[in-house]
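**Q** Sharing a model prediction with you, sequence too.
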Amino acid sequence: MDESDNELDARGLHCPLPILKTRKAINEMEVGATLRVISTDPGSVKDFPTFAKQTGHELIATEENKEEFIFILRKTDIGSDQEE
């Protein structure tokens, strides 16, 4: 999976915490930076595409590795405008 600029370990957290922590992390990043999120919450599989669609950030990769779900998001300027 692609390298990312930042990483968020959301293992062991349940909905809605992986998304809430992702939103906080992305808000602190520069436009164009990427965030790799590792989650063990099966709900993340549906939550992250929805989060990307609602915020305008780009979900550039997803991967399932045993019981972990990995997502890479790119912060966009569109997403930045919607979150402010």
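**A** Yep, that arrived.

**Q** gap between K21 and F51?
**A** 11 Å (Cβ to Cβ, to the nearest Å). To be clear about C-beta, it is placed using only N, CA and C from the backbone, and glycine gets the same treatment.

**Q** so who does the nearest residue to P42 once chain neighbours are set aside touch?
**A** Ranked by Cβ to Cβ, 6 or more residues apart in numbering and with sequence neighbours excluded, the top spatial neighbour of P42 is F69, at 7.5 Å. By Cβ atoms under 8 Å, 6 or more residues apart in numbering, F69 lies in contact with 38-42, 44-45, 48, 62-63.

**Q** Please, which helix or strand holds F69?
**A** strand 68-74 (DSSP states H and E).

**Q** which parts of that strand are buried?
**A** Buried residues in strand 68-74, defined by neighbour count with 16 or more other Cβ atoms under 10 Å: 69-74.

**Q** Give me the below-cutoff pLDDT ranges for the chain.
**A** Residue ranges of the chain with pLDDT under 70: 1-2, 79-84.
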